[in-house]
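# need coordinates for the following:
(one chain, ligands or ions: 1)
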Amino acid sequence: MKPEQILNDPKRIIVALDVATADDAYRLVDQLNPEQCRVKVGKQLFTSCGPELVRSLSKRGFEVFLDLKFHDIPNTVAGAVKAAADLGVWMLNVHASGGRAMLEAAAEAVATRGREAPLLIGVTVLTSLSREDLAEVGIDSTPEQQVRRLALLSAACGLDGVVCSAAETAMLREIVAPGFCLVTPGIRRPEDAVGDQKRVVGPAQAIAAGSSYLVVGRPINQAPSPQDSLIAFNQAVSGVLANVD
Ligand code: C5P
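Below you'll find the predicted structure:
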């Protein structure tokens, strides 16, 4: 996808398939319209179900964000990224803290797919890490300083975007290009349970602040009707997109 396609993309919701088995995943996606969302496969589901599940989701018309957060030496990450790209995923991610050579190797690996290259996204600082946690692993910066540094490094290495919390979106949007993807979890409408998320933001608010894609888990995957909930999220987002146009 090119930056201008991202800017004009009407499909902003990525539903997190945070379930344990392939059966649970199929039960969920059978209730979702692939024209109206994308889906995220993370470490638990991929580790138990493997690439077959990703192929099968693609066959059902879903574009897949493979959330495996690769982090290793450049050659190994390049191989993993190429394998994910060959699976036909729409988006995948790597830890930006893996450093320049690793990020450049990942960007080169996706580029070999040409027009079919997946979006390559950097993970900056996990939202579970505090300033004290960073200090303990030798990083003498606030999480915000580190997020900025790693977002700029990701952009410089040719990545297509970063994952960021809604609290970081507006700050990052000021320092990266408009088509640079900001992928944001922690999204809730007022009526949704917050769960274990510390700071949540509404879908319209996140898009207005500059998020490109919203990762939504429990408010959709545990809703009585996932499709009705998805429609509500899409309506909230499309109101803002119409105003931006
Ligand atoms: O259920 P909920 O909407 O909180 O799910 C959010 C999804 O986004 C989960 O798959 C979670 O792992 C992911 N995520 C997150 N916070 C981050 C990065 C990823 O919640 N910082």
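# residue numbers of the protein in contact with the ligand?
The chain has residues 16, 18, 42, 126-127, 163, 185-186, 195, 197, 215-218 near the ligand, with proximity defined as C-beta under 6 Å from any ligand atom. Where you see a C-beta, it was placed from the backbone N, CA and C, and this is true even at glycine.
# now intersect those residues with the helices, please.
The members of those that map onto helices under DSSP state H are residue 218.
# ChimeraX command for the buried members of the residues of the chain next to the ligand?
Buried members of the residues of the chain next to the ligand, defined by 16 or more other C-beta atoms under 10 Å, are picked up in ChimeraX with:
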select :16,18,42,127,163,185,186,197,215,216,217,218
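# between the residues of the chain next to the ligand, which sits nearest the ligand?
Each of the residues of the chain next to the ligand was checked against the ligand using C-beta to the nearest ligand atom; the closest is residue 217, at 2.4 Å.
# identify the residues contacting the spatially most central residue of the chain.
When C-alpha atoms, centre = their mean is applied to the chain, the residue found nearest the centroid is residue 183 (4.6 Å). Neighbour list for residue 183: 14, 65, 91, 121, 161-164, 211-213, 215 [criterion: C-beta atoms under 8 Å, 6 or more residues apart in numbering].
# for the longest helix belonging to the chain, the distance to its chain's centre please.
Longest helix in the chain by number of residues (criterion: DSSP H): helix 226-244. Offset of helix 226-244 from its chain centre (C-alpha atoms, centre = their mean, to the nearest Å): 18 Å.
# also stretch 134-144?
Centre to centre, stretch against its chain (C-alpha atoms, centre = their mean), the figure for stretch 134-144 is 23 Å.
# repeat that for stretch 218-237.
Taking C-alpha atoms, centre = their mean, one finds the center of stretch 218-237 at 18 Å from the center of the full chain.
# quick check: buried residues in that stretch?
218-221, 223, 226, 229-230, 232-234, 236-237.
# just stretch 10-24 next, same as before
If you call a residue buried by 16+ other C-beta under 10 Å, then stretch 10-24 has these buried ones: 12-19, 22.
# which two from the residues you listed end up farthest apart in space?
Longest distance between any two of those is 26.4 Å, between 12 and 22; criterion C-beta to C-beta.
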